[in-house]
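Student: 3D model of this:
(chains A, B, C and D)
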2 protein chains.
Amino acid sequence: MNPRDDRHDIGDSASAVVAHVRQLIDRGALGPGARLPAERDLALQVGVSRPTVRAGLRTLGALGVVRSRRGSGTYIPEGPPTLGAEALSFLAALHKFTVDDVYETRRILEVGAAGLAAERATSEQLATLADEVAGLFASLNDRQVFLVHDINFHRGVAAASGNPIVASMVEMVSALYYERRRMTAERAVDRDLRDAADAHRHIYQAIRAKDGERARRLMHEHLLRARSYQAKEVLASTFKVPASPRRRAAR
Amino acid sequence: MNPRDDRHDIGDSASAVVAHVRQLIDRGALGPGARLPAERDLALQVGVSRPTVRAGLRTLGALGVVRSRRGSGTYIPEGPPTLGAEALSFLAALHKFTVDDVYETRRILEVGAAGLAAERATSEQLATLADEVAGLFASLNDRQVFLVHDINFHRGVAAASGNPIVASMVEMVSALYYERRRMTAERAVDRDLRDAADAHRHIYQAIRAKDGERARRLMHEHLLRARSYQAKEVLASTFKVPASPRRRAAR
DNA sequence: AGACTACAATTGGCTGAGCCACTTTGGCAA
DNA sequence: TTGCCAAAGTGGCTCAGCCAATTGTAGTCT
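Tutor: Predicted coordinates:
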């Protein structure tokens, strides 16, 4: 539709592709679940080569805006909005984030999310939280499974907050937390696990009772205690240094 | 080159480049300010073609992990860790984040940041905050400049929190806020601007006095009031839009 | 000697053509 | 109707090469 689409841009041609897709989104031509034009078509539309289009799409892919499936096409993901956790993971590796930094961020974000969840959680979201609490009590003897239910409970609270920005940020730090915690979860103490499961149950009850202030207070205390549990484990392992009793299968 | 390499990975070759760089970072061979090997060298190291290396580097660039400068090389950025704000901007466009969503997220993050800042702010960071407060009072008649000082104050508080994760998240939402607010800032009411400047001054004073609870309370109230200011502006413009001013002066 | 300019090497940005692997689809045969 | 298979479409990757910006260096002018 534009024979006069000269390339007066001075910057990257690849970012012109990003801008083009952004326009399509802002114009409403692309939304969640939509499929983008094929790379070869996009190249014609924007007036750049296909490798350049691929570069732009790769940028969008890294941002989590699009996802490419070989043989099928490039799509805008459906479902709840999500910020890629990879960026935070790299940042953590580069700038040496401490465990306390992570717990502190979680306290700020998730205490707020718990308060909102108490005001807004739908019955469906409450049911999800109840499931995860049940999962916690059912997996007291399997630390890895327990950890997954733990994380899922917190993600569920974030989703129940009804605020997509808060939810996606909690997803980010949860992913970072999981990435680190997964390797040390085996050291957790039985009694601490039971305490944690109880804490989750009480948070769930506060949210279900629409008691925002109590939900906030309980979430705050839970995260403070969780941090001290983990600190204790690190301390204990420093002194014990036990040989790993279990062999793992290949890879 | 040779299909009988040890490249039996099934996944992207481009992500092998990302993983390679990640290894270099984890191993300590790359840190902030460091320069990556040239693309042509990296291609040899990883065993892929140069376009594939470029694809991987572009992913890292989108994540904010590296930055390429034509003719010079590809570097890991120095300075405080920062999460690209572009991802959140796209997410906002795709999922129709509301103004309330943004203010709510700011309340959660920045109230927490203000509390931490009161405990940890260095004298240098306090001086920066004081500068921005002065800038606010000095720009009461220029809404665009006022907005910049406003944002910078809040970024300064986040930086003073001493928590790099919280700081980078505040940067993200601040960028989103600025992107939207910039277009409507002209509508701000004189009296509201003065109120806002006062609020910032009081927050600064609380942080300087190391009174975390007061800093949190003031930040909370400030952000609540700022939201209602903005809502009022939108309402006013809804009724007054066609009423063109008789004169174009008064700026 | 010191400042400046011209140049050449290095490096990222981009192109075009092409091959491969996977997915989807539609027509054909049982 | 059901099942299968081949063709078309699509993204992943490579190769070879040219362009443009940067940078360090050698040579020139003042």
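
Student: residue contacts, the residue of chain A found nearest DNA strand C?
Tutor: Residue of chain A nearest DNA strand C, by C-beta to the nearest atom of the strand: A:G71 (2.3 Å). For every residue, glycine as well, the C-beta is placed using N, CA and C. By C-beta atoms under 8 Å, 6 or more residues apart in numbering or on different chains, no residues touch A:G71.

Student: could you tell me how many residues sit around A:V157?
Tutor: Using other C-beta atoms under 10 Å in any protein chain shown, A:V157 has 29 other residues around it.

Student: now do A:R225
Tutor: 14.

Student: wait, does the strand or helix carrying it contact chain B?
Tutor: For A:R225, the element it lies in under DSSP states H and E is helix A:212-240. No - contact of helix A:212-240 with chain B (C-beta under 8 Å from any C-beta of the partner chain) is absent, the minimum separation being 10.7 Å.

Student: check the offset of that helix from the chain's centre.
Tutor: 21 Å (C-alpha atoms, centre = their mean, to the nearest Å).

Student: cool, stretch A:32-45 as well?
Tutor: Between the mean C-alpha location of stretch A:32-45 and the chain-wide mean there is a distance of 28 Å, by C-alpha atoms, centre = their mean.

Student: buried stuff in it?
Tutor: A:L36, A:P37, A:E39, A:L42, A:A43 (16 or more other C-beta atoms under 10 Å in any protein chain shown).

Student: average pLDDT for that stretch?
Tutor: Confidence over stretch A:32-45, taken as the mean pLDDT, stands at 94.

Student: tell me if it is near DNA strand C.
Tutor: No - using C-beta under 7 Å from any atom of the strand, stretch A:32-45 stays clear of DNA strand C, with a minimum separation of 7.6 Å.

Student: straight-line length of that stretch, end to end?
Tutor: Stretch A:32-45 has an end-to-end distance of 21 Å (criterion: C-alpha to C-alpha, to the nearest Å).

Student: which stretches of the stretch 1-150 of chain A have low pLDDT?
Tutor: Filtered on pLDDT under 70, the stretch 1-150 of chain A yields the residue ranges A:1-11.

Student: flag every residue of it that's near DNA strand D.
Tutor: So far as C-beta under 7 Å from any atom of the strand goes, the stretch 1-150 of chain A lies against DNA strand D at A:36, A:38-41, A:50-51, A:54, A:57, A:68-74.

Student: now for those residues: which two are most distant?
Tutor: A:P51 and A:S72 (20.1 Å; C-beta to C-beta).

Student: flag every buried residue along stretch A:12-23.
Tutor: A:D12, A:S13, A:A14, A:A16, A:V17, A:V18, A:H20, A:V21, A:R22.

Student: just confirm the residue of chain A closest to DNA strand C is within a strand.
Tutor: No - A:G71 is assigned coil when assessed by DSSP: H, G, I helix; E, B strand; the rest coil, not a strand.

Student: next one: phi and psi at it?
Tutor: Main-chain torsions, A:G71, degrees, to the nearest 10: phi 90, psi -10.

Student: sorry, back to before: okay, A:P51 and A:S72: which has more neighbours?
Tutor: The neighbour comparison of A:P51 against A:S72 (other C-beta under 10 Å) goes to A:P51, with 14 against 8.

Student: just checking, what packs against the helix or strand encompassing that one?
Tutor: In this structure, A:P51 sits in helix A:50-63 according to DSSP H and E. Helices and strands touching helix A:50-63, by 3 or more C-beta pairs under 8 Å, 6 or more residues apart in numbering or on different chains; DSSP states H and E, are helix A:14-26, helix A:39-46, strand A:67-69, helix B:50-63, helix B:86-95.

Student: appreciated, that's everything.
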